[in-house]
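Engineer: Predicted model and sequence follow; I will ask about them next.
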Amino acid sequence: TSDGGVLANSTFGRALLDGTVGLPQDALLPGAEHLGPQPHVFVADEAFPLRHNLMRPFPGSNHSGRRRVFNFRLSHARLIVENTFGILTSQWRIYRGVIGVSPANVDACVKATWVLEEDLQDANQGDYTTTSCGQ
């Protein structure tokens, strides 16, 4: 099943589509108030459908001007997210496979590792080579 198919058939995907996922209300962007309220979005690749809260690149590769800039910036945003998860996965064993806790506790585990990661980063001034967290 494709990534887009998994999303469409998941509880989260259905909630995103019908607007019940619980995202914040549309808001003004600082410096771009003239655009009016903008939705909070998830960034995605070409495998996903374009939706109000799901942003994907323009299809194809021969773009110029604003479409090319948009695709570049969206790709950059996706890369930051992927790198963040890569760091978490490399540092915390819990993210290397199926999270072996009750679904009711997953949010707490994610939040705990986020707080611990921030504390370790502050203590080591961002130098991940000096930590052995999650090992």
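Structural biologist: In hand now; what should we look at?

Engineer: quick one: contacts for the residue nearest to the spatial centre of the chain?
Structural biologist: Taking Cα atoms, centre = their mean as the criterion, residue 81 is the residue nearest the geometric centre of the chain, at 5.2 Å. Residues near residue 81 by Cβ atoms under 8 Å, 6 or more residues apart in numbering: residue 43. C-beta: built from backbone N, CA, C; applies to glycine.

Engineer: So it: helix, strand or coil?
Structural biologist: Under the three-state scheme (DSSP: H, G, I helix; E, B strand; the rest coil), residue 81 adopts helix.

Engineer: What pLDDT is listed against it?
Structural biologist: Among the per-residue scores, residue 81 holds a pLDDT of 89.

Engineer: how near is the closest residue to residue 89 other than its chain neighbours to residue 84?
Structural biologist: Distances taken as Cβ to Cβ, 6 or more residues apart in numbering place residue 95 nearest to residue 89, at 4.6 Å, with adjacent residues excluded. According to Cβ to Cβ, to the nearest Å, residue 95 and residue 84 sit 11 Å apart.

Engineer: I appreciate the help and will end here.
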